[in-house]
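S.K.: with the input below, show me the fold.
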Amino acid sequence: MLQIFEESLDESIAEKVGWLSYCPTPWESASNDVQQRRVNFQLSNQISLFGTKVTSIQQKTVKGKGNGHALTVDEDWALHDVPYGENFQVSLSLSFFFFVKFVLAITWSYEVQFSQAVA
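M.R.: The predicted structure follows:
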């Protein structure tokens, strides 16, 4: 399970979901159970009308040992070349144990007129 975010699988998944020019840095230890890396990629025009460039910070947390471990990957995306993109941040969280839990949150930096239309 922990190898799910190794480079070869990671890059093939990115290609299939339409993340172009996927370029991750190596995982670095941020603390005992947490590893962190930066990922740059571009969303395909099928996903985003703007062909958006994305800078992502990923944190991988492993809890437990042996067969009873759980893996959580948290991501914060900075979207470039998107109208009003400087006004919000996209956060993703994936948890793996015996099931997959996915959480998506959009956090507004400050109130904008079209926030309801974007979210």
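
S.K.: for this structure, what's the longest helix?
M.R.: helix 7-16 (DSSP state H).

S.K.: list the strands paired with the helix or strand just after that helix, with their directions.
M.R.: Counting by DSSP states H and E, the next helix or strand C-terminal to helix 7-16 is strand 19-24. Taking DSSP bridges as the criterion, strand 19-24 sits next to strand 34-43 (antiparallel) in its sheet.

S.K.: which helix or strand lies directly C-terminal to the partner strand?
M.R.: strand 53-63.

S.K.: ok, residues contacting that next one?
M.R.: 2, 5, 19, 24, 27, 30, 33-43, 69-81 (Cβ atoms under 8 Å, 6 or more residues apart in numbering). To be clear about C-beta, it is placed using only N, CA and C from the backbone, and glycine gets the same treatment.

S.K.: list only buried entries from those.
M.R.: With burial judged by 16 or more other Cβ atoms under 10 Å, the buried subset of those is 5, 19, 24, 27, 35-37, 39-43, 71-75, 77-79.

S.K.: now do the contacts for the closest residue to A14 other than its chain neighbours.
M.R.: Leaving out its chain neighbours, the residue that sits closest to A14 by Cβ to Cβ, 6 or more residues apart in numbering is Y22, at 4.0 Å. Y22 makes contact with 10-11, 14-15, 39-41 under the criterion Cβ under 8 Å, 6+ apart.

S.K.: try it again with 10 Å
M.R.: 7, 10-15, 39-42, 54 (Cβ atoms under 10 Å, 6 or more residues apart in numbering).

S.K.: repeat that for G85.
M.R.: 50, 52-53, 77-79, 118.

S.K.: right, I'll call it a day here.
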